[in-house]
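>>> Sequence plus the predicted model coming up.
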Amino acid sequence: MEKKRVLFICVHNSGRSQMAEAFLKEVAGEDFQVESAGLEPTVVNPLVAEVMKERGIDLSRKSTQSVFDLFKNGCLFDYVITVCDDASEEKCPIFPGISQRLHWPFPDPEALAGSKEEKLAQLRMIRDDIKKKIEEWRQSDI
């Protein structure tokens, strides 16, 4: 059976999409080929890497990529899942051949306020919410 191709998209490919990619690979990598990309890619947020390491996932060497490069290269996906806010989601390109496009809005790690510890606490909640959503989606009829 051929693996279904999934692309997670957020603004910078620095947090939410990286976490979603890692969790889907962890819980169902045998069934899915998973990538993530951003509208304006930067680097993986160090605090995101820190909270993911707490779950045994190392993002420290992970790079980011542009969703538009994937689009221009004609990449095809069975699922394109946006994990950014509604305004950013509207900027995402429509990929040819998509079976399904989903939108799972999560708070932007770059917009978190407070001390480092406060940001880490908020990121842990986002991380756990993303993992829960991945697990629920995996159990649904996909």
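That came in fine, so what should we check first? Predicted model only: the values in this text are computed from it and were never measured.
>>> Tell me where this protein has strands.
Taking DSSP state E as the test, the strands found in the chain are 4-10, 32-38, 79-82, 100-103.
>>> list the buried ones in stretch 112-127?
Applying a neighbour-count criterion of 16 or more other C-beta atoms under 10 Å, one finds 112, 119-120, 122-123, 126-127 buried in stretch 112-127. Placement of C-beta: from N, CA and C, glycine included.
>>> List the contacts of that stretch.
By C-beta atoms under 8 Å, 6 or more residues apart in numbering, the residues outside stretch 112-127 that reach it are 15-16, 19, 47-48, 50-52, 54-55, 106-107, 109.
>>> Let me have the buried residues of stretch 112-127 in CSV, extended by pLDDT.
Conversion of the buried residues of stretch 112-127 to CSV gives the following (pLDDT from 0 to 100):
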residue, pLDDT
L112, 92
K119, 97
L120, 97
Q122, 97
L123, 97
I126, 97
R127, 97
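>>> closest to G38 among the residues you listed?
Nearest to G38 among the buried residues of stretch 112-127 is I126, at 16.2 Å by C-beta to C-beta.
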